[in-house]
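Peer 1: Quick one, structure for this:
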Amino acid sequence: MTTTHRMLMLAMALLAAASHAQERKNHFDDPFLQVTNALPACPVPAPPGFTEEEVRKEAHVRSQHGGSCFRVGRCRLPNSYLYDKEIIPRVQQYIRLDGRFDDTSVWVLGERRLVTLMGCVQSKAQAEQLEKAVLLVDDVMGVINNLSVGTAAAPRYRVARP
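Peer 2: So this is what the prediction gives:
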(Lines give C-alpha, C1' and ligand atoms only; values in the text may rest on other atoms or scores of the structure.)
Protein backbone atom coordinates (compact mmCIF):
# COMPACT_ATOMS: atom_id res chain seq x y z
CA MET A 1 0.00 0.00 0.00
CA THR A 2 1.47 3.34 -1.03
CA THR A 3 1.70 6.37 1.21
CA THR A 4 -0.74 8.22 -1.06
CA HIS A 5 -3.22 5.35 -0.80
CA ARG A 6 -2.93 5.32 3.03
CA MET A 7 -3.42 9.09 3.20
CA LEU A 8 -6.45 8.86 0.95
CA MET A 9 -7.97 6.12 3.12
CA LEU A 10 -7.26 8.13 6.28
CA ALA A 11 -8.84 11.24 4.77
CA MET A 12 -11.93 9.26 3.77
CA ALA A 13 -12.21 7.78 7.28
CA LEU A 14 -11.90 11.22 8.88
CA LEU A 15 -14.50 12.65 6.50
CA ALA A 16 -16.91 9.80 7.30
CA ALA A 17 -16.37 10.29 11.04
CA ALA A 18 -16.93 14.04 10.76
CA SER A 19 -20.15 13.62 8.79
CA HIS A 20 -21.39 10.99 11.26
CA ALA A 21 -20.59 13.28 14.19
CA GLN A 22 -22.63 16.06 12.62
CA GLU A 23 -25.65 13.84 11.95
CA ARG A 24 -28.70 15.19 13.76
CA LYS A 25 -30.91 12.75 15.63
CA ASN A 26 -33.82 13.13 18.01
CA HIS A 27 -31.71 11.83 20.92
CA PHE A 28 -34.17 13.15 23.51
CA ASP A 29 -37.21 11.72 21.69
CA ASP A 30 -38.96 15.10 21.65
CA PRO A 31 -42.50 14.63 20.29
CA PHE A 32 -43.00 16.20 16.88
CA LEU A 33 -46.21 15.78 14.85
CA GLN A 34 -47.91 17.23 11.82
CA VAL A 35 -51.43 18.11 12.93
CA THR A 36 -52.93 19.65 9.78
CA ASN A 37 -51.96 19.46 6.10
CA ALA A 38 -54.18 21.64 3.91
CA LEU A 39 -51.32 23.71 2.39
CA PRO A 40 -48.98 21.34 0.52
CA ALA A 41 -46.59 24.17 -0.45
CA CYS A 42 -45.89 24.98 3.20
CA PRO A 43 -42.20 24.45 4.06
CA VAL A 44 -41.83 21.29 6.14
CA PRO A 45 -39.96 21.84 9.41
CA ALA A 46 -36.91 19.79 10.18
CA PRO A 47 -37.61 17.28 12.91
CA PRO A 48 -35.97 17.94 16.26
CA GLY A 49 -32.39 16.83 16.35
CA PHE A 50 -29.02 17.32 17.93
CA THR A 51 -25.50 16.35 16.98
CA GLU A 52 -23.53 14.25 19.48
CA GLU A 53 -21.70 17.39 20.61
CA GLU A 54 -24.96 19.31 21.08
CA VAL A 55 -26.43 16.40 23.09
CA ARG A 56 -23.62 16.67 25.64
CA LYS A 57 -24.30 20.39 26.10
CA GLU A 58 -28.09 20.07 26.03
CA ALA A 59 -28.25 17.22 28.55
CA HIS A 60 -27.04 19.47 31.36
CA VAL A 61 -29.44 22.28 30.40
CA ARG A 62 -32.35 19.84 30.22
CA SER A 63 -31.63 18.38 33.62
CA GLN A 64 -31.52 21.86 35.17
CA HIS A 65 -34.59 23.27 33.40
CA GLY A 66 -36.55 20.05 33.51
CA GLY A 67 -36.27 19.58 37.26
CA SER A 68 -36.63 23.18 38.39
CA CYS A 69 -40.42 23.29 37.98
CA PHE A 70 -40.79 20.24 40.25
CA ARG A 71 -38.44 21.66 42.89
CA VAL A 72 -40.46 24.87 43.13
CA GLY A 73 -43.84 23.09 43.09
CA ARG A 74 -45.06 24.07 39.60
CA CYS A 75 -44.96 20.49 38.24
CA ARG A 76 -46.33 17.25 39.66
CA LEU A 77 -43.80 15.16 37.67
CA PRO A 78 -40.08 15.27 38.57
CA ASN A 79 -39.05 16.61 35.16
CA SER A 80 -41.06 18.91 32.89
CA TYR A 81 -39.89 17.02 29.77
CA LEU A 82 -41.91 14.01 31.00
CA TYR A 83 -45.15 15.82 30.10
CA ASP A 84 -44.36 16.30 26.41
CA LYS A 85 -45.19 12.82 25.09
CA GLU A 86 -48.64 13.16 26.62
CA ILE A 87 -49.22 16.83 25.75
CA ILE A 88 -48.41 16.76 22.02
CA PRO A 89 -50.98 14.08 21.05
CA ARG A 90 -53.61 16.03 23.00
CA VAL A 91 -52.60 19.23 21.21
CA GLN A 92 -52.96 17.37 17.90
CA GLN A 93 -56.41 16.10 18.86
CA TYR A 94 -57.55 19.52 20.07
CA ILE A 95 -56.44 21.32 16.91
CA ARG A 96 -57.98 18.70 14.60
CA LEU A 97 -61.31 18.66 16.43
CA ASP A 98 -61.54 22.44 16.76
CA GLY A 99 -62.35 22.92 13.06
CA ARG A 100 -61.05 26.50 12.76
CA PHE A 101 -57.63 25.29 11.59
CA ASP A 102 -58.60 22.75 8.91
CA ASP A 103 -57.25 25.06 6.17
CA THR A 104 -53.70 25.18 7.62
CA SER A 105 -50.52 23.09 7.59
CA VAL A 106 -49.17 22.93 11.12
CA TRP A 107 -46.55 20.90 12.97
CA VAL A 108 -46.13 20.86 16.74
CA LEU A 109 -43.05 20.18 18.84
CA GLY A 110 -43.05 19.60 22.59
CA GLU A 111 -40.15 20.56 24.82
CA ARG A 112 -40.50 21.16 28.57
CA ARG A 113 -44.27 21.77 28.46
CA LEU A 114 -43.68 24.39 25.76
CA VAL A 115 -45.41 23.77 22.44
CA THR A 116 -43.76 25.16 19.33
CA LEU A 117 -46.11 25.79 16.40
CA MET A 118 -44.55 25.66 12.93
CA GLY A 119 -46.11 25.86 9.50
CA CYS A 120 -48.55 27.97 7.53
CA VAL A 121 -51.89 29.56 8.34
CA GLN A 122 -54.31 31.76 6.38
CA SER A 123 -54.03 34.95 8.46
CA LYS A 124 -52.31 36.57 11.41
CA ALA A 125 -55.60 36.36 13.31
CA GLN A 126 -55.75 32.61 12.68
CA ALA A 127 -52.17 32.22 13.99
CA GLU A 128 -53.14 34.09 17.15
CA GLN A 129 -56.30 31.98 17.56
CA LEU A 130 -54.28 28.80 17.20
CA GLU A 131 -51.76 29.97 19.80
CA LYS A 132 -54.57 30.77 22.27
CA ALA A 133 -56.28 27.43 21.58
CA VAL A 134 -53.12 25.45 22.31
CA LEU A 135 -52.64 27.32 25.59
CA LEU A 136 -55.97 25.82 26.72
CA VAL A 137 -54.61 22.26 26.56
CA ASP A 138 -53.96 20.92 30.05
CA ASP A 139 -50.29 21.01 31.19
CA VAL A 140 -49.18 23.36 28.37
CA MET A 141 -47.02 26.00 30.02
CA GLY A 142 -46.48 28.19 26.96
CA VAL A 143 -46.60 28.40 23.16
CA ILE A 144 -43.86 29.47 20.76
CA ASN A 145 -45.62 30.70 17.64
CA ASN A 146 -43.43 30.24 14.55
CA LEU A 147 -46.35 30.18 12.10
CA SER A 148 -46.22 32.01 8.77
CA VAL A 149 -49.14 33.58 6.95
CA GLY A 150 -49.38 31.82 3.60
CA THR A 151 -46.74 29.61 2.03
CA ALA A 152 -44.51 32.25 0.39
CA ALA A 153 -43.01 33.80 3.53
CA ALA A 154 -39.61 32.65 4.73
CA PRO A 155 -40.20 30.12 7.51
CA ARG A 156 -39.20 31.04 11.06
CA TYR A 157 -37.91 27.52 11.69
CA ARG A 158 -35.28 25.14 10.34
CA VAL A 159 -36.61 23.45 7.18
CA ALA A 160 -36.33 19.70 6.52
CA ARG A 161 -33.89 18.61 3.85
CA PRO A 162 -35.60 17.41 0.68
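
Peer 1: roughly how far apart are the residue most central in space within the chain and residue 153?
Peer 2: A centroid search over the chain (CA atoms, centre = their mean) returns residue 109, at 3.9 Å, as the residue closest to the centre. Relative to residue 153, residue 109 is positioned 19 Å away (criterion: CB to CB, to the nearest Å). No exception for glycine: its C-beta is placed from N, CA and C like everyone else's.

Peer 1: Tell me which stretches of the chain form strands.
Peer 2: Per DSSP state E, the chain has strands spanning 32-37, 105-111, 114-121, 142-149. These are given in chain order.

Peer 1: Could you report the separation of the residue nearest to residue 66 when sequence neighbours are not counted from residue 138?
Peer 2: Counting by CB to CB, 6 or more residues apart in numbering, residue 66 lies nearest to residue 79, which is 3.9 Å off, once chain neighbours are set aside. In this structure, residue 79 lies at 18 Å from residue 138, with CB to CB as the measure.

Peer 1: follow-up on the earlier one: tell me which of the strands of the chain lies nearest to residue 60.
Peer 2: Minimum separation from residue 60 across those (CB to CB) falls at strand 105-111, 15.3 Å.

Peer 1: What pairs with that closest one, parallel or antiparallel?
Peer 2: Neighbouring strands of strand 105-111 in its sheet, by DSSP bridges, are strand 32-37 (antiparallel), strand 114-121 (antiparallel).

Peer 1: Among those strands, which comes closest to residue 63?
Peer 2: Once CB to CB is applied to the strands paired with strand 105-111, the stretch that comes out nearest is strand 114-121, at 16.6 Å.

Peer 1: ok, residues contacting the closest one?
Peer 2: 34, 36, 39, 41-43, 45, 87-88, 91, 101, 104-110, 127, 130-131, 134, 137, 140-151, 155-157 (CB atoms under 8 Å, 6 or more residues apart in numbering).

Peer 1: of the residues you listed, buried ones?
Peer 2: 36, 39, 42-43, 45, 87-88, 91, 101, 104-110, 127, 130-131, 134, 137, 140, 143, 145-148, 155, 157 (16 or more other CB atoms under 10 Å).

Peer 1: At which residues are the helices of this structure located?
Peer 2: 3-21, 52-71, 84-98, 124-135 (DSSP state H).

Peer 1: Any chance of TSV for those helices, columns distance to residue 116?
Peer 2: Supplementary listing: those in TSV, determined by distance: least, CB to CB, whole Å:
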stretch	distance to residue 116
helix 3-21	26
helix 52-71	15
helix 84-98	10
helix 124-135	10
